[in-house]
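Participant: Give me a 3D structure for the following:
(2 chains)
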There are 2 protein chains.
Amino acid sequence: MDIVDRMLAGDRRALSRLVTLVEQESDEVAEVMQQVQPHTGKAYCIGVTGPPGSGKSTLVDKLALLLRSRDRSVGIIALDPTSPFSGGAILGDRIRMDRHALDRGVFIRSMATRGSLGGLARAVRDTVRLFDASGKDFCIIETVGVGQIELDIVDTADTVAVVSMPETGDSIQVMKAGILEIADILVVNKADLPGAERLTNDLEGMARDNQREPWWSVPVVPTVAKLNEGLEGLMEKVEQHRKALEETGQLSVRRQEQRAKELMEIVERLIRDRLMKGKNADGRLGAIIQKVAEAELNPHSAAMEILNDKDLVHGWLLGTNENP
Amino acid sequence: MDIVDRMLAGDRRALSRLVTLVEQESDEVAEVMQQVQPHTGKAYCIGVTGPPGSGKSTLVDKLALLLRSRDRSVGIIALDPTSPFSGGAILGDRIRMDRHALDRGVFIRSMATRGSLGGLARAVRDTVRLFDASGKDFCIIETVGVGQIELDIVDTADTVAVVSMPETGDSIQVMKAGILEIADILVVNKADLPGAERLTNDLEGMARDNQREPWWSVPVVPTVAKLNEGLEGLMEKVEQHRKALEETGQLSVRRQEQRAKELMEIVERLIRDRLMKGKNADGRLGAIIQKVAEAELNPHSAAMEILNDKDLVHGWLLGTNENP
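Facilitator: Below you'll find the predicted structure:
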């Protein structure tokens, strides 16, 4: 497509429109991605996550500025919380846009769930590919939200930095649970606040006790993003982690696994779409759905009845006339 | 099963164990639910949601006490935020358990996502059915989290109360977006705080401007849950909404739609399980997956290639040998 060529040639507006296509789960996404595919695989992806108030956005901004000062181009995806109660990053995004507006080496895009959470995950991954193909050296995925889905998304990055800050009290204990499992680097931001040293010590101890890979010890990096302190140290750790991933062959293994997983998810979504289209089916399938609706049959038993019947599945999923 | 009979006879421990089965997505769930099904359909389900700090838990507790004082039995499902950063309601739950411990008419259970968000939604619905079959007159689903998934879950209730409180600033504007679409009743809790009147007026205006159904005007109910004020008024509105749902036939229509939707979701999950099992497939399917992993083929195109091939889908989903 013409627009893909323009994006590949560096047209920011084309890139922006393609990201929108991806966000809207347009039917053209498959075609776009097939055309984009040969131009991907070069960008390195950093995920940044952490609880609200830990200063992630500032950290990501300063990291982008540091990379720009080294003449690296950067694409940022800022994930909005999926909460309908919170205002989201829309205003913040505009302010940040302005800050980078004159710099053509930074492209920032914020995303929120419109429909499904799975849709957001797919959109993020395809946007990373678009950034990659458009020549960005680095992608940064920043999750403002703190739900499982945001963690899953940030976990698709090559290096994941988990940000915390002093005096968040009990949160350290809880971070043990899911967070240490995805952190490649622990960042103590606002390290000029009281309690930073204790938090750093605690996190270092936790990282030591929970080492996941023989070839990587999760480091704890202090930063004061607001004052631009500690960013070089953070970036150094990112590069060390990248080197370790490359030398152990893990970078390629992880990316392969990601892509296979992604295929499953897309197949799943297409199946769901077809299932929903078949909802008003006639015949045997319609009768089963009706029985469930009227609470004569429980949905679990009905689902198994359907799936164990070749003809029913066939008729439903493929839209053939084999649904007697 | 014996345990279902014991639950139906009022055994709390049996109920508790069955909820655990449901939470763990045990293989026995289908059998349990088929046995439970004939005993369901009597309980009325109230959903309570709202931003953090709005006092939902206290409101739900007082609502349960009010219902108990009228000799109605109550089952409460408190949803934990899906955030791995927050401690969740586990401690709070214990305290609440104690408060109701001597009262056999209240059963309270808190749930959090362990695996998938979809799993949580299914567990909540099946738990409502278990509560229903065990003879509870009312189920209350309380969502502590504020993500889309929690809204989807609370939306399965017959009557949804959305709680807000004065002086949450901008949050009113944002509530317009998703929340008004699910609210049957708007609660202004902490109505003794300054700003309550303004919030009430604002919400009343919003409700007027966004009326969804000709037969129901969303009321705004002030409460001070901590002081046990306004609960009767809230319950009166719940009963009015219930009456309206029944008189218009909407209660039955909605529940039928819920069940059909649930069937789709379960079919989807079973398909996903089978897809994941087929991930290491040989033959043509395996070759496609390999091509995606190695980034030769993009996952979107690959997914369509698979789904448009009857034999491939068949072999994959049904585990037959038709995968050449």
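Participant: what about the helices in the stretch 51-200 of chain A?
Facilitator: For the stretch 51-200 of chain A, applying DSSP state H, counting those that start in this stretch gives helices covering A:56-69, A:90-100, A:117-133, A:148-154, A:171-175, A:196-209.
Participant: Residue B:157 is nearest to which of the ones you listed?
Facilitator: Closest of these to residue B:157 is helix A:117-133, at 20.8 Å (criterion: C-beta to C-beta). (C-beta placed from N, C-alpha, C; glycine too.)
Participant: could you give the angle of that closest one to helix B:117-133?
Facilitator: 170 degrees (axes from the mean of the first three to the mean of the last three C-alpha atoms, to 10 degrees).
Participant: Most proximal residue of the stretch 201-324 of chain A with respect to chain B?
Facilitator: Chain B sits closest to residue A:300 of the stretch 201-324 of chain A, with a gap of 3.5 Å, by C-beta to the nearest C-beta.
Participant: pLDDT score for that residue?
Facilitator: Per-residue confidence (pLDDT) for residue A:300: 86.
Participant: Would you confirm that residue A:110 contacts residue A:120?
Facilitator: No. With contacts counted by C-beta atoms under 8 Å, residue A:110 stays clear of residue A:120, the gap being 11.5 Å.
Participant: picking up where we left off before, in space, what's closest to the residue of the stretch 201-324 of chain A closest to chain B - neighbours in sequence excluded?
Facilitator: residue B:30 (3.5 Å; C-beta to C-beta, 6 or more residues apart in numbering or on different chains).
Participant: and the one you found, how many neighbours does it have?
Facilitator: Close neighbours of residue B:30, defined as other C-beta atoms under 10 Å in any protein chain shown, add up to 18.
Participant: Tell me how far it lies from residue B:254.
Facilitator: From residue B:30 across to residue B:254, the span is 24 Å (C-beta to C-beta, to the nearest Å).
Participant: Also residue A:238?
Facilitator: To residue B:254, residue A:238 is 51 Å away according to C-beta to C-beta.
Participant: and residue A:215, what is it in contact with?
Facilitator: Applying C-beta atoms under 8 Å, 6 or more residues apart in numbering or on different chains, we find residue A:215 in contact with A:244, A:247, A:248, A:250.
Participant: and the residue of the stretch 201-324 of chain A closest to chain B, what element?
Facilitator: Per DSSP states H and E, residue A:300 falls inside helix A:299-307.
Participant: What ranges does the stretch 101-250 of chain A have for its strands?
Facilitator: In the stretch 101-250 of chain A, the strands defined using DSSP state E, counting those that start in this stretch lie at A:106-111, A:138-143, A:159-164, A:185-188, A:220-222.
Participant: Which of those has the lowest mean pLDDT?
Facilitator: Mean pLDDT is lowest for strand A:106-111 among those, at a mean of 85.
Participant: for it, packing partners?
Facilitator: When contacts are defined as 3 or more C-beta pairs under 8 Å, 6 or more residues apart in numbering or on different chains; DSSP states H and E, strand A:106-111 sits against helix A:12-23, helix A:56-69, strand A:74-79, helix A:90-100, helix A:117-133.
Participant: Looking at these, which is nearest to residue A:233?
Facilitator: Nearest of the helices and strands packed on strand A:106-111 (C-beta to C-beta): helix A:56-69, 10.6 Å.
Participant: which residues touch that closest one?
Facilitator: With C-beta under 8 Å, 6+ apart as the test, helix A:56-69 has contacts from A:46, A:48-50, A:73-74, A:76, A:78, A:89, A:92, A:96, A:99-100, A:103, A:105-106, A:108, A:137-138, A:140, A:142-144, A:163, A:187, A:189, A:223, A:225-226, A:228, A:231-232, A:234-235.
Participant: returning to that earlier point: could you export the helices and strands packed on strand A:106-111 to TSV, including columns for mean pLDDT, mean neighbour count and distance to residue A:193?
Facilitator: Shown next, in TSV, are the helices and strands packed on strand A:106-111 (pLDDT from 0 to 100; neighbours: other C-beta atoms under 10 Å in any protein chain shown; distance: least, C-beta to C-beta, whole Å):
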stretch	mean pLDDT	mean neighbour count	distance to residue A:193
helix A:12-23	92	18	36
helix A:56-69	91	20	14
strand A:74-79	91	25	24
helix A:90-100	52	14	22
helix A:117-133	87	22	31
